[in-house]
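K.L.:
okay, predicted coordinates and the sequence, questions at the end:
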Amino acid sequence: MNIASWGTRSARNLSVVLAIGIFVSVAAAYAAFAQDKPVRGGTIIGATVLEPKSLDPLFGDGGNLDHYVWRQIYESLLDITGSGEVKPGLATSWKFTDDKKSIDFTLRQGVKFHDGTAFNAEAAAVTFRRALSKELNAPRASDLSAITGVEVRGPHELRINLKAPSSAALPAIAFAGLITSPAAIEKHGQDYGRNPSGTGPFRFASWQSGSRIVLERNPDYWRNGADGKPLPYLDRVILRFIKKSAVKVIEVKSGNVHVIDTVSARDLKTVSGDSNLRLVRTGNGRHVMFAFNISKPPFDDIRLRQAVLFGLDRQTMMKVITLGRGQVTPTLIPNQNWVFDATLEKYPHDPARAKQLLAEAGHKEGLDARLDIIKRQPDSTVAQLMQAQLKEAGINLTIKTVDRQSMQASLRAKNHMFGIGRFTVPGIDPAQTFGRIFGRRARIQRTGVSDEKLFDMIDNAARQTDQSVRKGLYREIQAYLVDNALYGFLFFMESTQVERTAVKNLKRTVGGAWVFAEAWTAK
Amino acid sequence: MTTGSANKTSARGGGAEPRLVRDLLKHRQGAVGTVLFLGLVSMAFFAPLLSPFDPQHVAVEKILSPPSTTHWLGTDELGRDIASRIIFGARVTLQVVAGAVALSLIAGAVLGFIAAYLGRFWDALIMRVIDALLAIPPLILALAIVAALGPNLFYTILAIALAKLGMFARLVRGEVLSLKSMEFVEAARAVGASGTRIAFKHIWPNAAGNVIVFSAVIASSALLIESALNFLGLGAQPPTPSWGVMIATGMQHWTLWWMSIFPGVAIFLAILAFNLLGDALRDIMDRRLFDLGHL
Amino acid sequence: MLLFISKRIGQTVPVVLLVSFFVFFVINVIPGDPTLTVLGEFATPEQREIARQQYGFDRPMFVQYLDWLTRTLSGDLGRSLHSNERVWAMLVDRLPVSLELSALALIIALVIGIPAGILAALRRGTTVDAVIGMFSAVALGVPYFWLGVLLILLFAIVFNLLPPSGYVPFTESPVENLKLMVLPALTIGLHVAPLIVRQTRASVLQVLSQDYVRTAHAKGLPWSAIVRKHILRNALIPVLTLVGLQLGNMLGGAIVTETIFSTPGLGSLIVAAVSTRDFPVVQSGIFLVVLLVIFVNLITDILYAYVDPRIRQLLIV
């Protein structure tokens, strides 16, 4: 099990049964029996929030969300568990060279792509060469930016060269190095994104844009199931794209859909009494935060930034939005993560302090500021709560709602005063989390400045391999972010998905994306 | 659209307005429409007096409460009073509707007048541009413009006006064209009356009846477009109370029926007001023509 | 007739050109970096610069317009900046959904509107007429997106009879397809129906006052025969014109309706493309919708002129 998942309802029921005592062994044995005996055939329909823009893994823009579809079609050389353990995928073994700047992979034999061509080192190399290609200019190439080249050293021997020794290279390869069929890419050219071919348990069947993608069983899949026959158990997987959390919940309740991705806490309340449904906590979640633009007034003044932070009642905000399924943390690292540190907290709710700071900064009569948000939930509710809370601290907020693209443009042009964003945390590794959001290669510097000191701290931490040294360094980085009041870390929302109890053995990636390879459905 | 039917009504002369109101109130639908319309306007005008709560007051402890004696229509996702938000929402809506009607009326009248008065090339050019504008479904046109310029009250007004000015332009152009050939205009021009003077003195009184009917019709469809844009999130910005936004928010809370039902009723009644007024006015205008023996 | 048709088409061409011009320029003043759409948010500034040149965003706007127009006219709509899919394929994918939705909505509107309109006209001044009139006034006032929300609330949540959203192609499962299409079609259909009621009522009344109907009645022909033989034939022409004119309205309504019900038609494509700044898709999508509207109006006019020669004269002179 690579994720912390549990079924609230069945767990609660089970404990009742335990208390009764006598039925326990019978019930548990029956449950275990039912669980262990996969049924072949059938269809599972999943509903997820974002339709991928392409089924070519180098051309996605949904981060984790793209993997809800991709992970059924594609596999990478490595697999990674929730605890960060790296396991074999399409590679059976791997080892770092002595200088730690290259990794040698031995690849699995007898694996075929969906188009019938064979998977081998030459084929795998193409994926990485495409990522490196300046001409192709693939958007997701930056995920593999630690790599400088690949060498085919035998029919099933592949070497990947790195820029520098890095603790983040293996997770990056596992996450972003999804292996595509070179023959299919050759054949379809620009249209490959709609005609994908990988080695995964399901192959692409059809795509109704704006609605759904249908995948069918790959009869030549290499892994065997518990019954000794090839996986997957399911005949078909249908992935529907539904933006509204409330609609997803209606669909899963009525049985039109069998599993849905993250829903809002309020919608979860409406399913808690339904014995056909099971809640699944994915172990990660999203941190809602905002960034100050410190490149220009007013927030180039740290006192004003601190005034905003003292003016916010994050605890109330968290309770209103997550109904208790969340945490207020000093930075974006949630409390179960190994680099979490509660002592970093510096900004309790203190409107008086906020007013005092405003006065010190010459805004005794109050401060007018504009908050940019993306048109989505819960951002709009968060913004309006901030507006109400900050009003009491003497800060008048105007909210400007834009779509995602305009927000990116505005951040890039440093037109914002401050803006709300959210990130899926914890990542596979803090090196990835901090590098991606605050580091030198972050897609946007949300504070409006390139902070070399912070970049160096993040680069340095990523180079270390000793766990306790790293822990200290990440504490320093977090302290730096808090002390300089660069960001407002509002709260963490747990991600909770809902599935029908008929869905069995559905695994999930670290990011919460579904892997239907071993899933089956009880009729 | 504008046949010769309304042209010759200038004979009826002054004193039309009090009579119009009287006719309107005698007309069954007209009376209902007038009452609804006046209700809407006074709601917008006296919003601070009428609303029981501050529409923007966030009350965390009251979030999503169902209708009760304190909050007649319940509260929203931030504990704000829905009744008060609907009352204040009338302001935003009426601003957009009034702005859109006025702007399309003025711009349409000017374009229509220019087209007919200058004739030939200008007429052809302006009318083709207007044909093009009218060919684009109004909501799509508004969506494109608001998406291009950004969500903002004025751009919403501009977008709706642009989508609707063609109707006024055609109306005014038709009036001008038919009058242009008439003797008294020729005579006025002969004695050196300016274009604007002719426009105001002779053409406006003739077109006024139709303009009023059209205004009601356009107000109704402006209201629909405005609320649809808000519903899509392309209009009023939070925390400004807006009916369309309230319905969209209500859609995120299906089980809480009061969130989407009441704002919808508000939009419905407002559209109904303009529709009834429009129908009644058209009836009255037609009947007058009939009375005068023109039909 | 041929002269009329060619003249009418001649009038349409400048309108189409103006629309194309208008659509292109409105869409291109949308703020936001188009390379963000191409590359996503994860790309570097260098990658962005390469893309800007690759796609020609660095050229003057008018050059881009002419380029777009010539390519569009030659049938090359380019590729989506967002998904890199051929825009042509995307539109072809979506068009049948929107056409099906419009057709179903129209059927609903006609099935409700024509009988109700005829009934109201035949029973003019009675309670029946008043009730029908009241219902159409009320139906006209209901904002259709709210109606959509209410229908979902009622049929999907309270009664759990129909799914709230989604789409299955008709070819895959006609039953599933209709189950998913009925609510959006009702939403649009109920919005258009009152207009049909009114037009039908008005034109039936018009026909009823004609001499030949009076004569037929005087001759003792039963009403059912009169309705069938005279009234329907003559009264439905203006109704069909109205239907033609309403198409634009219906496609506009489809934008919001498809968004509510996640119906993958042209409307939801345009809304999605607007928010991702996918210029080629927005341009071609809106252009296609407008072309459809213009085309249907053209056909309506021609049919109308064919039926009524006076119109033909009016336009040619």
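P.N.:
In hand now; what should we look at? Numbering: from 1, shown residues only, chains lettered A, B, ... in the order given.

K.L.:
ok now the one helix or strand A:Ala369 maps to, how far from the chain's centre?
P.N.:
Per DSSP states H and E, A:Ala369 falls inside strand A:367-374. Going by CA atoms, centre = their mean, to the nearest Å, the spacing between the C-alpha centre of strand A:367-374 and its chain's C-alpha centre is 27 Å.

K.L.:
that one pairs with which strands?
P.N.:
Sheet pairing here is set by DSSP bridges, and for strand A:367-374 it gives strand A:395-402 (parallel), strand A:418-425 (parallel).

K.L.:
any chance of these in TSV, plus mean pLDDT?
P.N.:
Conversion of the strands paired with strand A:367-374 to TSV gives the following (pLDDT from 0 to 100):
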stretch	mean pLDDT
strand A:395-402	88
strand A:418-425	86
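
K.L.:
ok so, going back, buried set for the strand holding A:Ala369?
P.N.:
Going by neighbour count (16 or more other CB atoms under 10 Å in any protein chain shown), the buried part of strand A:367-374 is A:Leu367, A:Ala369, A:Leu371, A:Asp372, A:Ile373, A:Ile374. All C-beta atoms are positioned from the backbone trio N, CA, C, and that covers glycine.

K.L.:
give me the beta-bridge partners of the second one?
P.N.:
To tie it back to what came earlier, the one meant is A:Ala369. When A:Ala369 is checked against DSSP bridges, its beta-bridge partners turn out to be A:Leu397.

K.L.:
quick one: it from chain C, how far?
P.N.:
Taking CB to the nearest CB, to the nearest Å as the measure, A:Ala369 falls 21 Å from chain C.

K.L.:
hmm, C:Ala116 and C:Asp129 touching each other?
P.N.:
No: shown here, C:Asp129 and C:Ala116 do not form a contact pair, counting by CB atoms under 8 Å, at 10.2 Å.

K.L.:
those two: which is more packed in?
P.N.:
A direct count of neighbours by other CB atoms under 10 Å in any protein chain shown for C:Asp129 and C:Ala116 places C:Ala116 higher, at 23 against 16.

K.L.:
the more buried one is in contact with C:Ile132, isn't it?
P.N.:
Yes: shown here, C:Ala116 and C:Ile132 form a contact pair, counting by CB under 8 Å, at 5.3 Å.

K.L.:
which neighbours do the two have in common?
P.N.:
Taking CB atoms under 8 Å, 6 or more residues apart in numbering or on different chains as the contact rule, the neighbours common to C:Ala116 and C:Ile132 are C:Val197.

K.L.:
sorry, back to before: show me which of the buried residues of strand A:367-374 is closest to chain C.
P.N.:
A:Ile374 (10.2 Å; CB to the nearest CB).

K.L.:
from chain B, how far out is the residue nearest in space to the middle of chain C?
P.N.:
Averaging the C-alpha coordinates of chain C gives a centre point, and the residue nearest to it by CA atoms, centre = their mean is C:Leu251 (2.8 Å). In this structure, C:Leu251 and chain B are separated by 5 Å, where distance is defined by CB to the nearest CB.

K.L.:
quick one: residues contacting that residue.
P.N.:
C:Leu251 makes contacts with B:Pro137, B:Ile140, C:Ser98, C:Ser102, C:Leu266, C:Gly267, C:Val289, C:Leu292, C:Val293, as judged by CB under 8 Å, 6+ apart.

K.L.:
again, only using 6 Å
P.N.:
For C:Leu251, the contacting residues are B:Pro137, C:Val289, taking CB atoms under 6 Å, 6 or more residues apart in numbering or on different chains as the criterion.

K.L.:
so it: helix, strand or coil?
P.N.:
Each residue gets one of three states, and C:Leu251 gets helix by DSSP: H, G, I helix; E, B strand; the rest coil.

K.L.:
report pLDDT for A:Asn218.
P.N.:
Per-residue confidence at A:Asn218 stands at 96 (pLDDT).

K.L.:
how many other residues sit next to it?
P.N.:
A:Asn218 is surrounded by 23 other residues when neighbours are defined as other CB under 10 Å.

K.L.:
contacts only, for it.
P.N.:
Here A:Asn218 is in contact with A:Pro201, A:Phe202, A:Arg203 (criterion: CB under 6 Å, 6+ apart).

K.L.:
apply 7 Å and report the result again.
P.N.:
Counting by CB atoms under 7 Å, 6 or more residues apart in numbering or on different chains, A:Asn218 makes contact with A:His114, A:Gly200, A:Pro201, A:Phe202, A:Arg203.

K.L.:
of the residues you listed, which is the nearest to chain B?
P.N.:
Taking CB to the nearest CB as the measure, chain B sits nearest to A:Phe202 out of those, at 32.0 Å.

K.L.:
next, count neighbours for the closest one.
P.N.:
Other residues near A:Phe202 number 26, with proximity taken as other CB under 10 Å.

K.L.:
that one and A:Arg236: what is the separation?
P.N.:
Relative to A:Arg236, A:Phe202 is positioned 8 Å away (CB to CB, to the nearest Å).

K.L.:
thinking again about what came up before, max pairwise distance over the buried residues of strand A:367-374: which two?
P.N.:
The distance between the two most remote of these (CB to CB) is 23.4 Å, for A:Leu367 and A:Ile374.

K.L.:
what touches both of A:Phe202 and A:Arg236?
P.N.:
Common neighbours of A:Phe202 and A:Arg236, using CB under 7 Å, 6+ apart, are A:Leu215, A:Glu216, A:Arg217.

K.L.:
pLDDT wise, what is the residue of the stretch 1-150 of chain B found nearest chain A at?
P.N.:
Nearest to chain A in the stretch 1-150 of chain B, going by CB to the nearest CB, is B:Val58, at a distance of 3.6 Å. The model reports B:Val58 with a pLDDT of 88.
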